[in-house]
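Trainee: here are the coordinates; sequence isn't available:
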């Protein structure tokens, strides 16, 4: 018998120019994999067009942040698998739990 754990994480970011949100970014991550998503929504087209370079820099920084969080989740999952091996738990034990 073993504890089965899952983790979900929601991340948000905003590219703001002069106090106005230009682009809103969201990401959803999970330890189960395959369901991760990154989205961006332009809130102000005029400011986006006038500031594309800066806004795209913010989008890139947000994507890097998401990738860091994905890597952290992957490391956590790997550590849990190693701990399960050390205690002798098998995938069958996990499914029966």
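Mentor: Cool, the structure landed. What you are looking at is a predicted structure, and each value in this text was computed from that prediction instead of being measured. Numbers count the residues shown, from 1 in each chain.
Trainee: quick one, strands of this structure?
Mentor: 8-17, 20-30, 37-42 (DSSP state E).
Trainee: which of those sits most buried?
Mentor: strand 20-30 (a mean of 17; mean count of other Cβ atoms under 10 Å). Yep, even glycine has a C-beta here, placed from its N, CA and C like the rest.
Trainee: neighbouring strands - and their directions - for that one?
Mentor: The strands beside strand 20-30 in its sheet (DSSP bridges) come out as strand 8-17 (antiparallel), strand 37-42 (antiparallel).
Trainee: ranges for the helices of this protein?
Mentor: 45-50, 52-87, 91-96 (DSSP state H).
Trainee: compare the ones you listed and give me the one nearest residue 37.
Mentor: Relative to residue 37, the nearest member of the helices of the chain by Cβ to Cβ is helix 52-87, separated by 9.6 Å.
Trainee: my guess is residue 54 meets residue 18, correct?
Mentor: No - using Cβ atoms under 8 Å, residue 54 makes no contact with residue 18, being 11.2 Å away.
Trainee: before we move on, back to that, rebuild the strands paired with strand 20-30 as JSON lines, extending it with distance to residue 82 and mean pLDDT.
Mentor: Formatted as JSON lines, these follow (distance: least, Cβ to Cβ, whole Å; pLDDT from 0 to 100):
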{"stretch": "strand 8-17", "distance to residue 82": "21", "mean pLDDT": "96"}
{"stretch": "strand 37-42", "distance to residue 82": "28", "mean pLDDT": "96"}
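Trainee: list the contacts of residue 7.
Mentor: 30, 31, 73, 76 (Cβ atoms under 8 Å, 6 or more residues apart in numbering).
Trainee: need phi/psi at it.
Mentor: Here is the backbone geometry of residue 7 (degrees, to the nearest 10): phi -140, psi 130.
Trainee: pLDDT score for the residue nearest to residue 10 when sequence neighbours are not counted?
Mentor: Nearest-residue entry for residue 10: residue 28, 5.6 Å, with adjacent residues in sequence omitted and distances by Cβ to Cβ, 6 or more residues apart in numbering. pLDDT for residue 28: 95.
Trainee: about what we covered before: out of the contacts of residue 7, which is most surrounded?
Mentor: With neighbours defined as other Cβ atoms under 10 Å, the most crowded of the contacts of residue 7 is residue 73; it has 19 neighbours.
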